[in-house]
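Peer 1: Prediction below, plus the sequence it came from.
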Amino acid sequence: MSFRTPTAVDYIENVSPGSGALPPRAWYASSDAKCLSLNGSWSFRLSPTADTEDDAFAEPGYDAGDWDRIAVPGHWVLQGHGSPIYTNHLYPFPVDPPRVPTENPTGDHLRVFDLPHDWPSDGGAVLRFDGVESCARVWLNGTDIGEFKGSRLPHEFAVGHLLKPAGNVLAVRVHQWSAGSYLEDQDQWWLPGIFRDVTLLHRPAGCVADFFVRASYDHVTGKGTLRVDSDVEGRVTVSALDIDAATGEPVTVPVRPWTAETPVLYDGVLTTEGERVPLRIGFRTVELSDGLIRVNGRPVLFKGVNRHEWHPETGRALDLETMREDVLLMKRHNLNAVRTSHYPPHPAFLALCDELGLWVIDECDLETHGFTEQAWRDNPVDDDRWTPALLDRAARMVERDKNHPSVVVWSLGNEAGTGRGLTAMAEWIRARDSSRLLHYEGDLTCRDTDMYSRMYTRHGEVERIGRGLDGGTLKRRQLPFILCEYGHAMGNGPGGLSDYQRIFESYDRLQGGFVWEWIDHGIKDERYGFAYGGDFGEELHDGNFVCDGLLFPDRRPSPGLVEYKKVIEPIRFAGEGATTVRVTNRHDFADLSAFAFEWSYQADGATIASGPLPVPALAPGESAEVKLPEPPADVPDGAETQWTVRALLAADTAWAPKDHVVAWGQFPVAARQLPSVTQSAAPVPGERLITLGPATFDARTGALRTIGGVAVTGLRLDVWRATTDNDDGAPWQPDVRHGLVWRKLGLHRIHHRLDAVDLTDDALTVRTRVAPAARDLALTTRYRWSSDGTRLRLTVSVSPEGDWPVPLPRLGIRFGLTEADRVRWFGGGPGEGYPDTKSASLLCRWESTVDDLQTPYVRPQENGARADVRWAELGGLRVEGDPEFWFTARRWTTEHLDAAAHRTDLVPGDTVWVNLDHGQHGIGSQSCGPGPLPQYHLNAGPAEFSFVFSVAD
Ligand code: IPT
């Protein structure tokens, strides 16, 4: 005898995309047909399995009085019912497609609604779900109208015949797991629920069903051709272009083209017998020609980012303001492209990309990454039974989004291996829409694609690809190259962006890339501030790998975004001596007429003069030598001087106000004079203390005690940093993972042996041997103190003993100060910078509090170093560097920082710990890519560096 799952729930494990839904079509808001949002508070009941409860709740009259309430759109696991699960590529259930676990959290959603009084009694109606994870079954007024899968895709049902003026009962049963889950193995939280809008649309007789706006641009003639194909005949009008044409009829007129830099949209109307539909038309032509991706005849360089939909409180249920904020932040940080990793976003996001100007790679809701664990055996994309589901997903994306000018590339999905299903999707898409290009990364032969795309490829290989030396299939060799993911922005980093950009700009074949990723998917959490994988007791999880964005979860830009903005700025300044600056317009389409330029002149970091800089309205790609004014005469003697030039918006734009800084450059004039201290004071030994100039030292150990009365504790050599995610690296990285080796060597538990305290006429010298237990490696370290009576100079000399197999994390000194709060410095700022992340570090005088120096990485780790610091003042002390140094100050020790798992673990102590570093190891991108390039390694070798301490004014 055998028992079976009741047939009523068979649809969950069925490979078919669903039943009952209408064919996919364009997503639009009608000008005149009524619609009713069904978003809001719904009744909700959660069951542990798909069949715990029967479907009686769908019947009119059912009493759901004792149910909970839930916000729609929303995810129930973020509203107190069950918990979120985070896995990168592992399926959080046994892999046995298309079967799913018996434990299948199932949310019954119920909403009773009346039609508005003015809802027309004629015509039909459509019920639209914009996104439900992962499988839903729907009843209206007790009638089962169908079920569907495809979480981030719209599904519509014809419901006109079922509607009543009042008391309509909409019942939706949502299952967390379904056959569809096998196609949705994206690296993100598993978040079940009705997470996008639910809308009832009136469909008047003679209304528009589906339509396709085809608006191309001929860059030779300057004319655009518009043709709107519509299932229902009608007329198309565009008043600004004097267009009044029948649907299906092409019209060619002079137009201004749409580009991401110049997003010109023409308002039009599609009128059928029953409805008017507003159109926002952008004329542009996307093509692959001569091996390059061209828009309107010109190759484009993608300066992109991968965007998942994320809000720290509502997950993937985003409101319009949040979507707009994303686009504004992207534009303000010089991004020009977005890959909608790894599913089509809420359609309103694409409308914002049309309006504000971003190139979009629209990616299908498809990833089967977990099959890599079984060498891709049983991969649904290579199994014909799944092909209808794949084609359904492709069609739902293309039909929904086909009228967005910003969408220039369709992507088949992400990390789904290879297979016939992908080819079938590509063939369908090409047949339906030949006006865009195709992307898929997972197939090295590029069988189905128009571009060779890779992820996390190291710099050297990208350069070889740029030179065309990478081999591959004949087809691949003829294609342009993009990095659909690079620069893994997990924690501190990514490093090496400027080096990538240099390579992209050197070879035509390289058409840019998309940094991984836009925002940390941290979940707002009372316990931790922001939670990540494992914080909800998941049996399988991938920790903070879900926090790898250029924005913190609360959308504050991280230093990575500031760095990226600088690296990709569309206007470049190069200093040519001190009298001229070379300005290059690196836009692909726009001239420089929208920008104002200014110069300023700094002496020791303080601006002493500034003014406008006349720059011609250079065409894209053009450069000009621009004369700088006479430098100011009243420069203090011996001051370090420099020019700073900036490009600002000359007027308000749709995405930033006038004076928003788009690009800048700095050029040194007079070099810095290094601090010098005459060694005139002699150390004076006392019973317990030695006095030297303004300082006292412990007579036995030679340890510094005070400078000018300011207590200084624990000053000594420091080589350890709280390893970053990029130091620790990802397990699959082939290269040495420095963070692991550092810890294995014991660099976090190093001993300082005191060998000698020597007093001479002009110095106090302390000799030590700095080494970890169990190792024969050491850094012989000498601290030499001298003074002119008021200033105190420390020279640290370090020589490595033994064979150091890896670079050092950092090399410098650390010490503790009490009562330090405000910090002033002359050096790089305002934010942090490390050897391969300091392009955006602006040389200037800065001020901050110690707290504001901290970068709030969701998982605490090394952060906050200011680069190229000449001098810094805090806690009553001033320190000058010979040479410049890296400056860090925090209210906890490196050991505390290293031990912390969340920001809430960091508890300020009484002491401010200061690190003055001669060197820092680079950051790189090894949390999912290559480590720092060799030129950013802090190799162990003999080193000497000095600091001059004095009492701050
Ligand atoms: C790559 C994925 O495409 C992306 O979704 C994300 O997981 C990213 O890595 C890492 O954060 S896949 C990786 C194994 C190269």
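Peer 2: Received, thanks.

Peer 1: what sits against whichever residue of the stretch 701-850 of the chain sits closest to the ligand?
Peer 2: Residue of the stretch 701-850 of the chain nearest the ligand, by CB to the nearest ligand atom: residue 732 (6.8 Å). Every residue, glycine included, has its C-beta placed from N, CA and C. Not one residue lies near residue 732 by CB atoms under 8 Å, 6 or more residues apart in numbering.

Peer 1: Residue 723 reaches residue 743, doesn't it?
Peer 2: Yes: with the criterion set as CB atoms under 8 Å, residue 723 and residue 743 qualify as a contacting pair; they are 7.1 Å apart.

Peer 1: The two: who's more crowded?
Peer 2: Set side by side, residue 723 and residue 743 show unequal neighbour counts under other CB atoms under 10 Å, the larger going to residue 723 at 24 against 17.

Peer 1: what about the nearest residue to the more buried one once chain neighbours are set aside, which SS state?
Peer 2: Excluding its sequence neighbours, the residue lying closest to residue 723 (CB to CB, 6 or more residues apart in numbering) is residue 739, at 3.7 Å. Judged by DSSP: H, G, I helix; E, B strand; the rest coil, the three-state class of residue 739 is helix.

Peer 1: Let me know how buried residue 739 is, in neighbour terms.
Peer 2: 26.

Peer 1: Look up how far residue 729 lies from it.
Peer 2: In this structure, residue 739 and residue 729 are separated by 6 Å, where distance is defined by CB to CB, to the nearest Å.

Peer 1: doesn't residue 865 make contact with residue 828?
Peer 2: No: the pair residue 828 and residue 865 does not pass the contact test of CB under 8 Å, sitting 9.1 Å apart.

Peer 1: What residues does the stretch 501-650 of the chain have near the ligand?
Peer 2: Taking CB under 6 Å from any ligand atom, the part of the stretch 501-650 of the chain that reaches the ligand is made up of 516, 545, 548.

Peer 1: Grab the longest strand from this protein for me.
Peer 2: Of all the elements of type strand in the chain, the one with the most residues (DSSP state E) is strand 877-890.

Peer 1: for the record, mean pLDDT for that strand?
Peer 2: Averaged across strand 877-890, the pLDDT comes to 98.

Peer 1: And the helices in the stretch 201-350 of the chain?
Peer 2: Residue ranges of the helices in the stretch 201-350 of the chain, as given by DSSP state H, counting those that start in this stretch, are 320-332, 347-356.

Peer 1: what does the last one rub up against?
Peer 2: When contacts are defined by CB under 8 Å, 6+ apart, helix 347-356 is touched by residues 27, 130, 154, 258, 263, 265, 280, 282, 309, 318, 320, 323-324, 326-328, 331, 338, 340, 360, 362, 400-401, 404-407, 654-655.

Peer 1: State the paired neighbours of the longest strand of the chain in the sheet, together with their directions.
Peer 2: Strand 877-890 has its sheet partners listed here by DSSP bridges as strand 866-874 (antiparallel), strand 911-920 (antiparallel), strand 943-951 (antiparallel).

Peer 1: Which stretch among the ones you listed approaches the ligand most closely?
Peer 2: Each of these was scored for nearness to the ligand using CB to the nearest ligand atom, and the closest is strand 911-920 (24.4 Å).

Peer 1: Buried residues in the closest one, which are they?
Peer 2: Residues of strand 911-920 classed as buried: 911-920 (neighbour count, 16 or more other CB atoms under 10 Å).

Peer 1: Adding pLDDT, write those residues out as TSV.
Peer 2: Conversion of these to TSV gives the following (pLDDT from 0 to 100):
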residue	pLDDT
911	97
912	98
913	98
914	98
915	98
916	98
917	98
918	98
919	98
920	98
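
Peer 1: and the closest residue to the ligand within the chain, what does it touch?
Peer 2: Nearest residue of the chain to the ligand (CB to the nearest ligand atom) works out as residue 187 at 3.1 Å. For residue 187, the contact set (CB under 8 Å, 6+ apart) comprises 87-89, 342, 369, 542, 545-546.

Peer 1: how about a cut-off of 6 Å?
Peer 2: Contact criterion CB atoms under 6 Å, 6 or more residues apart in numbering gives residue 88 as the residues in contact with residue 187.

Peer 1: All good on my end, thank you.
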